[in-house]
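*Asks:* Turn this into a model:
(4 chains)
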There are 2 protein chains.
Amino acid sequence: MGVTIHDVAKAAGVSVASASRALSGRRKVTADVAERVSRAAAELGYQPNAVAKALRDQTTGTIGMIVPGIGNPFFTTMVEAVERRLQETGRDLLLCSSQYDPLIEARRLETLLSRRVDGLIISPCDIEASAPAVLSAAGRVPLVQLDRYIEAGGTDWVGLDDNAALAQAVEHVAAGGARTVVFAGSRLVNSSARLRLSGFQLATERAGLEARTPLLGEFTHEWGMQAGRLLLGDGPLPDAVICGNDEIAIGLIRALRLGGIRVPHEVMVVGMDDVGHAAMCDPPLTTVAQPVDEMAAEAVRLLEQVRLGRTRAIQRIAIAPRLVVRETSRQRTEGE
Amino acid sequence: MGVTIHDVAKAAGVSVASASRALSGRRKVTADVAERVSRAAAELGYQPNAVAKALRDQTTGTIGMIVPGIGNPFFTTMVEAVERRLQETGRDLLLCSSQYDPLIEARRLETLLSRRVDGLIISPCDIEASAPAVLSAAGRVPLVQLDRYIEAGGTDWVGLDDNAALAQAVEHVAAGGARTVVFAGSRLVNSSARLRLSGFQLATERAGLEARTPLLGEFTHEWGMQAGRLLLGDGPLPDAVICGNDEIAIGLIRALRLGGIRVPHEVMVVGMDDVGHAAMCDPPLTTVAQPVDEMAAEAVRLLEQVRLGRTRAIQRIAIAPRLVVRETSRQRTEGE
DNA sequence: GTGAAAGCGCTAACAA
DNA sequence: TTGTTAGCGCTTTCAC
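*Replies:* As a prediction, the model looks like this:
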């Protein structure tokens, strides 16, 4: 480490100012200077110091991202999409996991801020407890919430149109002949959980289906299995189960099959997200896909807008989902 | 943004030096000064500028990590483990994906270096093409390879003891009564692929099993399915299939079952890694677990050692795997 | 078109 | 113990 622009300037026989100009190419220099500087830089193996540049420019070219957990394939997919998007404009991603803990989340927010990230993309882990730290951060740097959000509002948000997603799922099973249907989701500690449940209720009402008491636990495979067992032990099965995410759906199907129930013949199951192993499980899972790339693109675009200093209203962008019909939901033929 | 240590000093009525000392607590100041400074800082909402500190200290408290793809659950698990580990010493992770492309990888390496990361953890995507960039980076900053590595050697490495892993898998199916066995892995473009194949060959030889021609493709579910179909269409099935990772195993099992073959009754299948859905697939997958947390810890520890300036020999740390017997490999009872 | 110099925010010498 | 100051590496006025 350690060849600076001074070394390059000296080797090229010019001032540091000229070296800087030549290297950046943003100001005119004579061809001769340009040539000498670029050769000197190459020979010395000069590599600009981004830290010094950041201090000088008051911008780091870095975006911070905080997700509840990197283990969850949904967030992983999001991270990947955001990273790709940032690459296109030469920026880097500072990634943190809050490990589903608002305290850790607040701490990570602090360090990201102290590292002077140019913007923040966050999926807050708790709809209430995350609010103070998120709002305070939003006051200091462009911030957009992605997927999950805090109740308080006050910052931009990009996510799924959960109402539309649940409507698609419910209408799909209704069209397949379902009359009774239950929702297996997560306890209402985050916005996704709440939105999906209320979207489900809205949709079943509109479709005239009988909605049983929802099963609320975690967004995990384990909870899916438990929910399946609950269903098995509790009277007649519903015609269909709509799940809060794919993991729950896969666990639930497994429990059902272990209980001797055939999917979709006896119970239809629909997941949500379409990440990870949804397409590969057995049978392949019907689910509602989140347009992850679009969401990432929107989030980055929003960050940009604020950065350009435009004063603008707070934006909430809900992106339309796409139903992916695979094999866990069979369209029953007429009269069957 | 924008309250600096100067503002704090002025508000507290002391010099910036005293403010700095009081804030860091690393040098003696009178109780009075300490008190006034910390109150001023709190009132102004002072937040130290990590960029300036980094420039001054010539250290950023940041570790760069490059993995081939964030979509792969194995790398995700690794990233998570490393992130957790770094947290413990107050450092942050700058995460990049090379997208399995040596060119992108080299570029990411450059920008990480220019951001002056204190160390680099990388899983090079290509055993040969990744070498120049990795070696050049290793010359500028502490670097450890994790999991995959480049052929050239010359840097520290932490990974799985692949020979031991394959030995465990092979001995397990041999003990279960297998006589003929085939390996379904990835083409030999990275070190993991090579090591696992050679480990397999060694182990089958030692165990006196008949090893059929290996099936080499990608580390993906799709390739697993294709390999399964290949097996189905090609004469008598082997007694067991050892797979290069869990994704391949899950795909292969699916293809086999679609072909009417029962697992493990007709063919035993063993995966490798034990991340993602291995435990949750149907039937649950017997696999060889990578001790991811330990590997992450070792990698971070190695970085530390170099940082402390100890001159030391290049280290290669192979960590022992752990066989996880689930249901895709049945121990056949004696005389069956 | 080029060079000298200021300054981004911070900490550690060095003096007092 | 405290204050003054230099300097980390860079870019950009401001003169020439």
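*Asks:* what are the ranges of the strands in chain A?
*Replies:* A:62-67, A:92-97, A:119-122, A:143-146, A:156-160, A:180-186, A:210-211, A:215-217, A:240-243, A:268-273, A:286-289, A:316-319, A:322-324 (DSSP state E).
*Asks:* Starting from the fifth one, tell me which strands it pairs with and how they run.
*Replies:* Paired strands of strand A:156-160, with direction, are strand A:143-146 (parallel), strand A:316-319 (parallel) (DSSP bridges).
*Asks:* Now do that strand, average pLDDT.
*Replies:* Mean pLDDT, strand A:156-160: 96.
*Asks:* thinking in terms of the whole chain, how far from its middle is it?
*Replies:* 9 Å (Cα atoms, centre = their mean, to the nearest Å).
*Asks:* Show me the contact partners of it.
*Replies:* Identification of contacts with strand A:156-160 by Cβ atoms under 8 Å, 6 or more residues apart in numbering or on different chains yields A:143-149, A:192, A:290, A:295, A:298-299, A:302, A:306, A:314-319, A:321. Backbone N, C-alpha and C define where each C-beta goes, glycine included.
*Asks:* just stretch A:254-264 next, same as before
*Replies:* A:224-229, A:231-232, A:237, A:253, A:267, A:269, A:283, A:286, A:327-330, B:280, B:282.
*Asks:* And whichever residue of the stretch 51-200 of chain A sits closest to DNA strand C, how close does it get to residue A:45?
*Replies:* Residue nearest to DNA strand C within the stretch 51-200 of chain A (Cβ to the nearest atom of the strand): residue A:56, separated by 3.6 Å. Distance of residue A:56 to residue A:45, computed by Cβ to Cβ, to the nearest Å: 22 Å.
*Asks:* same thing with residue A:36?
*Replies:* Remark: distance between residue A:36 and residue A:45 (Cβ to Cβ) = 16 Å.
*Asks:* out of those two, which sits in the more crowded spot?
*Replies:* Looking at residue A:36 and residue A:45 with other Cβ atoms under 10 Å in any protein chain shown, you find the greater number of neighbours at residue A:36, namely 21 against 10.
*Asks:* got the contact list for that one?
*Replies:* Residue A:36 touches A:12, A:13, A:14, counting by Cβ under 8 Å, 6+ apart.
*Asks:* So which residue is dead centre in chain A?
*Replies:* Nearest to the geometric centre of chain A sits residue A:78, at 4.0 Å (Cα atoms, centre = their mean).
*Asks:* Wait, that residue touches residue A:296, no?
*Replies:* Yes. Residue A:78 is in contact with residue A:296 according to Cβ atoms under 8 Å; the separation is 6.4 Å.
*Asks:* what is in contact with those two at once?
*Replies:* residue A:146.
*Asks:* mind listing the helices for the stretch 51-200 of chain A?
*Replies:* A:73-87, A:102-114, A:131-138, A:162-175, A:191-207 (DSSP state H, counting those that start in this stretch).
*Asks:* care to break chain A down by domain?
*Replies:* The record's domain split for chain A, according to automatic domain parsing, is A:5-48, A:62-160+A:292-320, A:162-290.
*Asks:* chain center to the longest one, what's the gap?
*Replies:* The one in question is domain A:162-290. Using Cα atoms, centre = their mean, the offset of domain A:162-290 from its chain centre is 21 Å.
*Asks:* just to revisit the earlier point, so which of the strands paired with strand A:156-160 gets nearest residue B:101?
*Replies:* Nearest of the strands paired with strand A:156-160 to residue B:101, taken as Cβ to Cβ: strand A:143-146 at 25.9 Å.
*Asks:* Distance to residue B:249 added to the helices of the stretch 51-200 of chain A, as JSON lines?
*Replies:* Shown next, in JSON lines, are the helices of the stretch 51-200 of chain A (distance: least, Cβ to Cβ, whole Å):
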{"stretch": "helix A:73-87", "distance to residue B:249": "18"}
{"stretch": "helix A:102-114", "distance to residue B:249": "34"}
{"stretch": "helix A:131-138", "distance to residue B:249": "41"}
{"stretch": "helix A:162-175", "distance to residue B:249": "31"}
{"stretch": "helix A:191-207", "distance to residue B:249": "31"}
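*Asks:* Now tabulate the ones you listed in JSON lines and tack on distance to chain B.
*Replies:* As requested, these are exported to JSON lines (distance: least, Cβ to the nearest Cβ, whole Å):
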{"stretch": "helix A:73-87", "distance to chain B": "4"}
{"stretch": "helix A:102-114", "distance to chain B": "5"}
{"stretch": "helix A:131-138", "distance to chain B": "9"}
{"stretch": "helix A:162-175", "distance to chain B": "22"}
{"stretch": "helix A:191-207", "distance to chain B": "20"}
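*Asks:* What does the pLDDT read for residue A:185?
*Replies:* pLDDT, read off for residue A:185, is 96.
*Asks:* Not counting sequence-adjacent ones, nearest residue to it?
*Replies:* residue A:244 (3.1 Å; Cβ to Cβ, 6 or more residues apart in numbering or on different chains).
*Asks:* In contact with the one you found, which residues?
*Replies:* Taking Cβ under 8 Å, 6+ apart, we find residue A:244 in contact with A:183, A:184, A:185, A:186, A:192, A:193, A:196, A:197, A:219, A:272.
*Asks:* Widest-spaced pair of the residues you listed?
*Replies:* A:184 and A:192, at 14.0 Å, using Cβ to Cβ across those.
*Asks:* Can you pull out the low-pLDDT segments for the stretch 1-150 of chain A?
*Replies:* A:1 (pLDDT under 70).
*Asks:* What parts of it come near chain B?
*Replies:* A:1, A:47-52, A:54-55, A:60, A:62, A:69-71, A:73, A:76-77, A:79-80, A:83-84, A:90, A:92-97, A:99, A:110-116, A:140-141 (Cβ under 8 Å from any Cβ of the partner chain).
*Asks:* follow-up on the earlier one: give me the neighbour count for the residue of the stretch 51-200 of chain A closest to DNA strand C.
*Replies:* 11.
*Asks:* measure residue A:288 to residue A:106 for me?
*Replies:* Using Cβ to Cβ, we find residue A:288 at a distance of 32 Å from residue A:106.
*Asks:* When those two are compared, which one has more neighbours?
*Replies:* residue A:288 (27 against 18).
*Asks:* Could you check how far that one is from residue B:148?
*Replies:* 35 Å.
*Asks:* Repeat that for residue A:246.
*Replies:* Distance from residue A:246 to residue B:148, by Cβ to Cβ: 29 Å.
*Asks:* which of the two has more neighbours?
*Replies:* residue A:246 (28 against 23).
*Asks:* you'd agree that one is up against residue A:287?
*Replies:* Yes. Applying Cβ under 8 Å, one finds residue A:246 in contact with residue A:287, separated by 5.7 Å.
*Asks:* Quick check: neighbours shared by those two?
*Replies:* In contact with both residue A:246 and residue A:287: A:271, A:272, A:273, A:274, A:278, using Cβ under 8 Å, 6+ apart.
*Asks:* quick one: which of the residues you listed is nearest to chain B?
*Replies:* Of all the shared contacts of residue A:246 and residue A:287, chain B sits closest to residue A:278, with 10.6 Å by Cβ to the nearest Cβ.
*Asks:* before we move on, back to that, any chance of TSV for the strands paired with strand A:156-160, columns distance to residue B:122 and mean neighbour count?
*Replies:* Compiled in TSV, those are given as follows (distance: least, Cβ to Cβ, whole Å; neighbours: other Cβ atoms under 10 Å in any protein chain shown):
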stretch	distance to residue B:122	mean neighbour count
strand A:143-146	27	26
strand A:316-319	34	16
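*Asks:* Using TSV, lay out the ones you listed together with distance to residue A:28.
*Replies:* Putting the strands paired with strand A:156-160 into TSV (distance: least, Cβ to Cβ, whole Å) gives the following:
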stretch	distance to residue A:28
strand A:143-146	38
strand A:316-319	42
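*Asks:* out of those strands, nearest to DNA strand D?
*Replies:* Using Cβ to the nearest atom of the strand, the strands paired with strand A:156-160 put strand A:143-146 closest to DNA strand D, at 25.6 Å.
*Asks:* which other residues reach that closest one?
*Replies:* Outside strand A:143-146, the residues that touch it by Cβ under 8 Å, 6+ apart are A:78, A:82, A:119-124, A:134, A:137, A:155-159, A:295-296, A:299, A:302-303.
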